[in-house]
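# give the three-dimensional model of this entry:
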Amino acid sequence: MINAALPQLLRPRALLPGDLVVVAALSGPLHPQYEPDLRLAVAELERMGFRVRLAPLLEAGRSRWWSAARPDEIAAEFNALLRDPEVRAIVGHDGGQTVFGYLDLIDFDAITADPKPVLGLSDISLLHLVLHARTGLVGFHTDLATPGLGGHWQRATPARRDELRRLYAALLTGTDPLGTLPTAPTWECWRAGRAEGPLVGAVINRMVLVQATPYALPPERFDGAVLFWEELGGQASHVWTFLQIMRHSGILDRISGMVVGVPEAIEGLAGPGSPDGAPPLRELVLDALGDRDIPVLGHVDFGHAGPNLPMPVGVRAALDAGERTLSLLEPAVVP
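Okay, here's the model as predicted:
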């Protein structure tokens, strides 16, 4: 049960046709070669019925080291979007390595005064965790604009793209639960069982690292949670270490279920060309869980590897790992 002293779940107002959605550089820069992908992402959002604007820092070729701008500049622009009543949702252009640099500059009061969806994954998933911890805001763990809507979506079949477009539009505009998410034959039951609880998750390295800061999720946020995570790059041993840290910190003792996304570019996992004895991701997860009776569903369609199903942080979900289903039991927005 969630501690009553924690912020209550804060749902944004449902978007209406014609509402303004802003694509912003909340972390990494826009490289000139990806401008066409950004234009395709804008077109996808417009097909969902929204007006779209690009934030000023989202300018091709603008950068500061690995970021779109200095952390304080990104924070200032983000805060301005949070305070602008015309802006009804903010979509991260790309991920990167910047969000940790401006957590202490975010206007959390602006979020509680006018909650609005912030969409994205990777580095943006850190924002979801921190905003949820501080304000209770639902985190919209979805595809980013440029590499996702303008990239992975465009390489999907037309039918899959239509399905994702309907799903994202319903997530932002619908006040009924999405229900059972579309499944795929690639989903794997790693440990059978059922669980129900609020979704909590992110890219695993951000989820572990944020717990060492003042912006950590209170431990109670993991009570009964369906934990979801994915990872990009690094070593299989790094993933194992992150899971062990969650074990030592007690997170794995609190959750009710686990959903693992599709791994991307992780060295040392079993697969074509992998060294002898390389473990599959499933074994790393079950090794960390030990004898905990926690259902696990693996290779679910979210993460850096392809188009993402929405995983709204804070929204209650039902997991049936044996049947390979995941259902959203609550809406992410309110009328």
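# residue boundaries of the helices in the chain?
Assigned by DSSP state H, the chain shows helices spanning 35-47, 71-83, 108-113, 123-135, 153-155, 158-173, 204-210, 236-248, 251-254, 281-289.
# deepest-packed of the ones you listed, please.
Across the helices of the chain, averaging neighbours per residue (mean count of other Cβ atoms under 10 Å) puts helix 123-135 on top, at a mean of 25. Quick note: C-beta positions are derived from backbone N, CA and C, even for glycine.
# tell me how far it is from the chain's mean position?
9 Å (Cα atoms, centre = their mean, to the nearest Å).
# so what's the residue lying closest to residue 199 once chain neighbours are set aside up against?
Take residue 199 and drop its neighbours on the chain: the residue closest to it by Cβ to Cβ, 6 or more residues apart in numbering is residue 317, 4.9 Å away. By Cβ atoms under 8 Å, 6 or more residues apart in numbering, the residues touching residue 317 are 196, 197, 198, 199, 226, 326, 327, 328, 329.
# for residue 317, give its distance to residue 113.
Using Cβ to Cβ, to the nearest Å, residue 317 is found at 28 Å from residue 113.
# who's the residue nearest to residue 199 bridged to?
residue 197, residue 328 (DSSP bridges).
# looking at the helices of the chain, which is closest to residue 96?
Closest to residue 96 of these is helix 123-135 (Cβ to Cβ; 5.0 Å).
# list the helices and strands that closest one packs on?
Applying 3 or more Cβ pairs under 8 Å, 6 or more residues apart in numbering; DSSP states H and E, one finds that helix 123-135 contacts strand 87-92, helix 108-113, strand 118-120, strand 139-141, strand 194-203, helix 204-210, strand 311-313.
# what is the rounded mean pLDDT of that helix?
Regarding helix 123-135, the rounded mean pLDDT is 98.
# what angle separates that helix from strand 194-203?
For helix 123-135 against strand 194-203, the angle between stretch directions is 120 degrees (axes from the mean of the first three to the mean of the last three Cα atoms, to 10 degrees).
# ok, residues contacting helix 123-135?
Contacts for helix 123-135 (Cβ under 8 Å, 6+ apart): 7, 10, 26-28, 92, 95-100, 103, 106, 108, 111-112, 115, 118, 120, 137-141, 144, 200-203, 206-207, 210, 215-218, 221, 313-314.
# where's the closest residue to residue 251 other than its chain neighbours relative to residue 258, distance?
Nearest residue to residue 251, sequence neighbours excluded (Cβ to Cβ, 6+ apart): residue 222, at 5.1 Å. From residue 222 across to residue 258, the span is 11 Å (Cβ to Cβ).
# when these two are compared, which one has more neighbours?
With neighbours defined as other Cβ atoms under 10 Å, residue 222 and residue 258 compare such that residue 258 has more, 27 against 22.
# can I assume that one is in contact with residue 227?
Yes: with contact defined as Cβ atoms under 8 Å, residue 258 counts as touching residue 227 (5.0 Å).
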